[in-house]
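Undergrad: Quick check, what structure comes out for this input:
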Amino acid sequence: MNQSSVGQLANRISSVANAVIMRVSDLCLFRVFCAVCFVTFISQVGMSQKADLSAAPLGGGDGAKAGKLVLVVGAAGTPEFGEEFREWGERWRKVAEQSGLQFVSIGSEENQGAATDRDLLRESLNPAPDESTQPLWVVLIGHGTYARDVAKFNLRGPDVSGADLAEWLTGVARPVVIVNCASASGPFVNRLSGPNRIVVTATRSGIEQNYARFGNYLSEAIGSPESDLDHDGEVSIQEAFLRASAGVRMFYQAEDRIETEHSLIDDNGDGKGTPATMFRGVRPNARAKDGLALDGTTALRITVAPSGGRLPFTLKELQERAEIESEIDLLRAKIGKLDRQALDVALLPLMLRLSRIYQEAQVRATDDEK
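TA: Residues are numbered from 1 along each chain as shown. Presented below is the predicted three-dimensional model:
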């Protein structure tokens, strides 16, 4: 291994350590990180350049293994809104292509068939016999309405409600990310929240019915390296949500206008949602009133877009990484209950496993460049 490769690996490990430190900020990690670096470099220098490619990297073109993104552009109402919505949708399309996702577009082109956009959306959510374990993304761009306690997303033709989507997603076992960028979208959290689901809405309630700008900022954030808050080479839906929400707030402040939209994210299945203002960095800075953890932990691990430096992880490696991060979260919850030495002892093997995952992916990336 040449010095350049070693330097690249050092940067990777440093990024991993920074991300973990953000997750477990109160632990004494310096000596743990030093040990990880030492072990990693010793094993890296001595290991073969051969990599096990038996598992396909994420986004490797296998439709049965790759994630899927269903983009729905709703009724625009005016040409001006239509142009904006198409631009936002185009950003999502590019991100899907870069990430190797199966991409389905509804509403952005002329519908020549007898099926309505509502029909096409329902059909696109039907689980396949060989359904992937990778996330299904449903992104709604357009306007919303709220009447008689029912929030709907406006399609060309019959609209769709949160209850409709909940029914259509019944039987979908893979992780699901639902992003509703429309006005009056808040009630979609209540309807769609559940296990293995992440729900993002542009508003916190149905009465926020003014035009929502959140979709613009989110479509920019999901594909921007600047959204990678924990510096792990990927942009998670959590990071994109936080950056987009900040963009919305800054817009209203700069215009000296009352903020008429307050985005929410829900990933713990409680149906309540958490605003971006309750996070410090990528982690919640408070606890819910009922004592439950706030949202954001699962959403931090679900990514649709590499920030430009993502390593070629295999699906197995991504699954193992998620398991390790879950264990780190459990350790984080024990801060104050265990002494630092005990926490360090528990954290060390997790860091070693995490660094080895990045090490092996780095070797593959180096081989691919030859």
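Undergrad: so is V138 in a helix, a strand, or just coil?
TA: strand (DSSP: H, G, I helix; E, B strand; the rest coil).
Undergrad: what sits against the residue most central in space within the chain?
TA: Nearest to the mean C-alpha position of the chain, by Cα atoms, centre = their mean, lies I237 at 2.4 Å. Each residue near I237 by Cβ atoms under 8 Å, 6 or more residues apart in numbering is listed here: V177, V179, I198, V200, I222, I265, A299, I302, T303, V304. From N, CA and C alone the C-beta is placed, and that goes for glycine too.
Undergrad: Show me the helices in the stretch 201-350 of the chain, by range?
TA: Remark: helices assigned in the stretch 201-350 of the chain by DSSP state H, counting those that start in this stretch are 214-221, 237-254, 315-332, 340-369.
Undergrad: And the last one, how far out from the chain middle?
TA: Just to be clear, that refers to helix 340-369. Offset of helix 340-369 from its chain centre (Cα atoms, centre = their mean, to the nearest Å): 22 Å.
Undergrad: how big is the angle separating that helix from helix 315-332?
TA: 160 degrees (axes from the mean of the first three to the mean of the last three Cα atoms, to 10 degrees).
Undergrad: returning to what we had before: averaging pLDDT over each of the helices of the stretch 201-350 of the chain, which comes out lowest?
TA: For these, mean pLDDT drops lowest on helix 315-332, to a mean of 77.
Undergrad: Mind pulling up the pLDDT for L155?
TA: 97.
Undergrad: same thing with the one 4 residues further on?
TA: D159 carries a pLDDT value of 98.
Undergrad: can you count the residues close to it?
TA: 20 (other Cβ atoms under 10 Å).
Undergrad: And the residue nearest to K272 when sequence neighbours are not counted, how far from N190?
TA: Leaving aside its sequence neighbours, K272 sits nearest to D266 (Cβ to Cβ, 6 or more residues apart in numbering; 6.7 Å). D266 is 9 Å from N190, where distance means Cβ to Cβ, to the nearest Å.
Undergrad: And those two? Which one has more around it.
TA: Neighbours were counted for D266 and for N190 using other Cβ under 10 Å; D266 has more, 27 against 19.
Undergrad: check contacts around that one.
TA: Applying Cβ under 8 Å, 6+ apart to D266 gives the contacts V189, S193, R197, I198, V199, V200, K272, G273, T274, D295.
Undergrad: go on, G215?
TA: Contacts of G215 (Cβ under 8 Å, 6+ apart): F85, W88, I141, C181, A182, A202.
Undergrad: likewise L192?
TA: L192 sits in contact with G162, L165, A166, L169, I178, V199, where contact means Cβ under 8 Å, 6+ apart.
Undergrad: Confirm the fifth one sits in a strand?
TA: Yes. Secondary structure of I178 (three-state DSSP): part of a strand.
Undergrad: quick one: low-confidence ranges for the chain?
TA: 1-66, 111-112, 286-293, 305-310, 315, 333, 368-370 (pLDDT under 70).
Undergrad: Show me how it divides into domains.
TA: With automatic domain parsing as the criterion, the domains of the chain are listed as 3-53+315-369, 68-306.
Undergrad: so which of these is the most packed in?
TA: Counting by mean count of other Cβ atoms under 10 Å, domain 68-306 has the highest mean neighbour count of the domains of the chain, with a mean of 19.
Undergrad: which element is A182 on?
TA: Under DSSP states H and E, no helix or strand contains A182.
Undergrad: Identify the residue nearest it in space, chain neighbours excluded?
TA: Spatial nearest neighbour of A182, excluding adjacent residues (Cβ to Cβ, 6+ apart): G144 at 3.4 Å.
Undergrad: show me the contacts for the one you found.
TA: Neighbours of G144 in contact, by Cβ under 8 Å, 6+ apart: A151, K152, F153, N154, N180, A182, S183, A184, S185, Q209, A212.
Undergrad: Could you export those as a markdown table, including distance to D256?
TA: Below are the contacts of G144 laid out as a markdown table (distance: Cβ to Cβ, whole Å):
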| residue | distance to D256 |
| --- | --- |
| A151 | 29 |
| K152 | 32 |
| F153 | 30 |
| N154 | 30 |
| N180 | 28 |
| A182 | 25 |
| S183 | 21 |
| A184 | 24 |
| S185 | 25 |
| Q209 | 21 |
| A212 | 19 |
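Undergrad: which one among those gets closest to S99?
TA: N180 (20.8 Å; Cβ to Cβ).
Undergrad: can I assume S105 is in contact with A96?
TA: No. S105 lies out of contact with A96 (Cβ atoms under 8 Å); the separation is 9.4 Å.
Undergrad: Can you pull the residues that touch both of the two?
TA: Shared contacts of S105 and A96, defined by Cβ under 8 Å, 6+ apart, are found at L71.
Undergrad: how much space between G89 and V172?
TA: 23 Å.
Undergrad: Same check on S326?
TA: S326 is 22 Å from V172, by Cβ to Cβ.
Undergrad: Next: Q98.
TA: 24 Å.
Undergrad: Repeat that for N210.
TA: 32 Å.
Undergrad: about what we covered before: and which of the contacts of D266 is nearest to L318?
TA: Of all the contacts of D266, the one with the least separation from L318 (Cβ to Cβ) is I198, at 16.2 Å.
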